[in-house]
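Trainee: Structure for this input, please:
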Amino acid sequence: MTLSELTVNQQARIRYLPENFDLSAQLIEQGFALKSDISLAHRAPFNGPLAFHLHGTKICIPVAIAKQIKIELLTT
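Mentor: Model (predicted):
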């Protein structure tokens, strides 16, 4: 499953980042580290960016990038 498939407020943990080194490095700088807990905060209309709750803040990324980040769902 990828970040782009989350529903609003669904909890997950980051398992794999994109294979592209530069993109992965940029995501890590923004807080998208492996094993980080994350949830979807908001989906912009018309396939716009996705906003995620991550490390106590809200971060937006494009859908195309969210599709490259693999996750595992957390059960509550």
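
Trainee: The host helix or strand of Lys58 - contacts with which helices or strands?
Mentor: Using DSSP states H and E, Lys58 maps to strand 57-61. With contacts taken as 3 or more CB pairs under 8 Å, 6 or more residues apart in numbering; DSSP states H and E, strand 57-61 sits against strand 50-54. Backbone N, C-alpha and C define where each C-beta goes, glycine included.

Trainee: before we move on, the earlier item: let's test this: mean pLDDT of the strand holding Lys58, rounded?
Mentor: Averaged across strand 57-61, the pLDDT comes to 96.

Trainee: partners of that strand in the sheet?
Mentor: Its sheet considered, strand 57-61 pairs with strand 50-54 (antiparallel) by DSSP bridges.

Trainee: send the alpha carbons of the strand it pairs with over as PDB?
Mentor: Presented in PDB, the C-alpha positions along strand 50-54 are these (Å, rounded to 0.1, in the frame of the first residue of the first chain):
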ATOM      1  CA  LEU A  50      -2.000  15.500  -0.100                       C
ATOM      2  CA  ALA A  51      -1.500  16.900   3.400                       C
ATOM      3  CA  PHE A  52      -0.100  14.500   6.100                       C
ATOM      4  CA  HIS A  53       0.300  14.700   9.800                       C
ATOM      5  CA  LEU A  54       3.900  13.800  10.500                       C
END
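
Trainee: In the chain, what residue spans correspond to helices?
Mentor: Secondary structure of the chain (DSSP state H): helices at 21-29, 63-66.

Trainee: Now do the last one: which elements does it pack against?
Mentor: Packing contacts for helix 63-66, counted by 3+ CB pairs under 8 Å, 6+ apart, involve no helix or strand.

Trainee: returning to what we had before: mind checking which of the helices of the chain is nearest Thr2?
Mentor: helix 63-66 (6.4 Å; CB to CB).

Trainee: Contacts for the closest one next, please.
Mentor: 2-4, 18, 23, 27, 47-50 (CB atoms under 8 Å, 6 or more residues apart in numbering).
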